[in-house]
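*Asks:* here's a sequence, model it:
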Amino acid sequence: MQSTVHPPPNGAAGGNFLQNLLLFARLLRGLSIPVTPTQILDLVEALTQIDLRVKAQARDAARAVLVNRQEHLELFDEAFELFWRAREKQELARFNLGELLQQTPQGEIQYRLVQANRERKDDRQYLEQEPHVEKVYTYSSAEALRSRDFATMTEYELQQVKEFMQQLQWSPPERRTRRRVPAANGDLVDLRRSMRQNVRYGGEPLVLARRQRKTARRPIIALADISGSMDRYSRVLLQFLFSITHALDRVEAFVFSTRLTRITRHLRRRDIDLALEQTAGAVDDWAGGTRIGESVRAFNFDWARRVCGQGAIVLVISDGWDRGDPQMLAQEMDRLHRSCHKLIWLNPLLGSPSYEPLTRGIKAALPHTDNFLPVHNLISLEQLAHVLATAQS
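*Replies:* Residues are numbered from 1 along each chain as shown. A predicted model of the protein is given here:
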C-alpha cells in the first residue's frame, strides 16, 4: 500500500521529522516506557503506509510499534496528545515520508538514532525545546514507578528503584535497655555521683544526681526467601536489605531456599553492586526449592540467641510456597515469635487484589505473625517504614 501523504513542497521540512520522532521517543522513555532505536526504525517504516494528516492513524501506528505492555497504554495516549499538540498541523501535512526515506539511506537513519541516544544535552537546552513536556513526564514517571510491581520492571526502572530505596527513612522503635545514663530528671538517684558532687559542699547532700535507663533502637533481622518462586523479586529484595543495612546500625540479614545463609557481612560493603555480587557467590541454593520450616529452625537454634536477645524485630520475606513440613514451620514460627519483639511477614503476592493466603506455608505461619504486609512495590516499602516507625516500643 502506498503512502497517501503528498510530497513536501520544494523538499522542505524533511530534516525535522526524524528530530520530532527522537523527541517523542525521549518523552516516552521519561514516562518509563522502554523505546529502542530499532522500534523507532520500525515506526518510520510503518508511517510510510498511513496518512500523517490523520491523527488516529498516526496514533494507532505508533501505539502498535512502541507499546509492549497493557499498563503503558494510558501513559502512551497522554504522551501522544502532548506531542501532537506540540506539532503544527500544516507541517505534518507537508511530509512525504516515503520520499524522505528514499533520500536518506536506512543506515544513515539508524546512525542518527544511535548517535542521538548517546549524546547528552544539558537540561537548559532541552527545556528550551520542550519546556511543558519535560515537567509533565518527569512527575508522571516518579509517580508511576512508586506503584509499579517489582516483577514487571525493566532494567532502567530497577536502577531508579535502587535510588529511591536509598532515600527511604527507616526509624525502628526504641527500647529501654538495662544500662542507666546520667539524666537531669531521671527516675533514680545516682548515689555515687551525688557524693562526688557534694564534696565541694563539705559532704552536705545539697545536690542529688539522677540517672535513667538508656534507650536504643531495636535491631532488625531479615530472613529473605530466594527460592525459585521468589526469583522475580530476589534482586530487588536484596537491594532493600542493602538499604536498611546501611541506614541502621544493627541489622542482621539472612537468605534461605533449602538452607539458611547469613549475608550481613556482604551487605556491609559500600558498593551495592559488589555487595550483591558477593552475596550471590556466597549462596549455593539460589533459586532452588523452598524449606521455610527447616530454615527458620536453623535460625532459631544457631542464631536467635545471638541476635534476638535485645527485643529485635524480625522480617520474614517469602511468598509462602513451601515443600517442607507445615507442622515444623508452625512450630518454629511460634518459637521465633516468642523470642523476638515483633514478627512481620512480608509477601510480594499480597499486592495482587485477587491474592488469598491459601498455601500451606502461609496457613501455618500466619497465626504466629504480628503483621502480614505486601512487599511488591515502593509504596509497600513506605508502608513498612511507617509500620516500623509507629510500632510500640
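
*Asks:* where along the chain do the strands fall?
*Replies:* Here the chain has its strands, by DSSP state E, at 174-182, 188-189, 210-217, 220-225, 251-256, 260-262, 313-317, 342-347, 371-374.

*Asks:* report the mean per-residue pLDDT for stretch 292-308.
*Replies:* For stretch 292-308, mean pLDDT is 94.

*Asks:* can you tell me what sits against it?
*Replies:* Contact with stretch 292-308 is made by 219, 221, 223, 225, 252, 254, 256-260, 262, 314, 316, 318, 320, 322, 324-326, 328-333, 335-336, 339-340, 361, 364-365, as judged by Cβ atoms under 8 Å, 6 or more residues apart in numbering. The C-beta positions use only the backbone N, C-alpha and C, and glycine is treated the same way.

*Asks:* could I have the ChimeraX command that selects the buried members from those residues?
*Replies:* The ChimeraX selection below is limited to those of the contacts of stretch 292-308 classed as buried (16 or more other Cβ atoms under 10 Å):
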select :219,221,223,225,252,254,256,257,260,314,316,318,320,322,324,325,326,328,329,330,331,332,333,335,336,339,340,361,364,365
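
*Asks:* where in the stretch 201-350 of the chain is pLDDT low?
*Replies:* Within the stretch 201-350 of the chain, the set of residues satisfying pLDDT under 70 is empty.

*Asks:* switch to 90 and redo it
*Replies:* Counting by pLDDT under 90, the ranges of the stretch 201-350 of the chain that qualify are 201-217, 228-229, 231-232, 234-235, 249, 270-290, 306-311, 323-324.

*Asks:* the strands of the chain into JSON lines, with extra columns for distance to Phe150?
*Replies:* Listed next are the strands of the chain as JSON lines, based on distance: least, Cβ to Cβ, whole Å:
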{"stretch": "strand 174-182", "distance to Phe150": "31"}
{"stretch": "strand 188-189", "distance to Phe150": "49"}
{"stretch": "strand 210-217", "distance to Phe150": "27"}
{"stretch": "strand 220-225", "distance to Phe150": "13"}
{"stretch": "strand 251-256", "distance to Phe150": "17"}
{"stretch": "strand 260-262", "distance to Phe150": "22"}
{"stretch": "strand 313-317", "distance to Phe150": "12"}
{"stretch": "strand 342-347", "distance to Phe150": "12"}
{"stretch": "strand 371-374", "distance to Phe150": "11"}
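
*Asks:* domains of the protein?
*Replies:* 9-147, 176-216, 218-390 (automatic domain parsing).

*Asks:* show me the residue at the heart of the protein, geometrically.
*Replies:* For the chain, Val161 is the residue whose C-alpha lies nearest the centre (Cα atoms, centre = their mean; 3.8 Å).

*Asks:* residue contacts, that one?
*Replies:* Val161 sits next to 145, 150, 153, 236, 239, 378 when contact means Cβ under 8 Å, 6+ apart.

*Asks:* from Asp271, how far out is Gln278?
*Replies:* Distance, Gln278 to Asp271, using Cβ to Cβ, to the nearest Å: 10 Å.

*Asks:* just to revisit the earlier point, what's the closest of the domains of the chain to Gln167?
*Replies:* domain 218-390 (9.0 Å; Cβ to Cβ).

*Asks:* His368 touches Ser339, doesn't it?
*Replies:* No. Counting by Cβ atoms under 8 Å, His368 stays clear of Ser339, with 11.4 Å between them.

*Asks:* no further questions, thank you.
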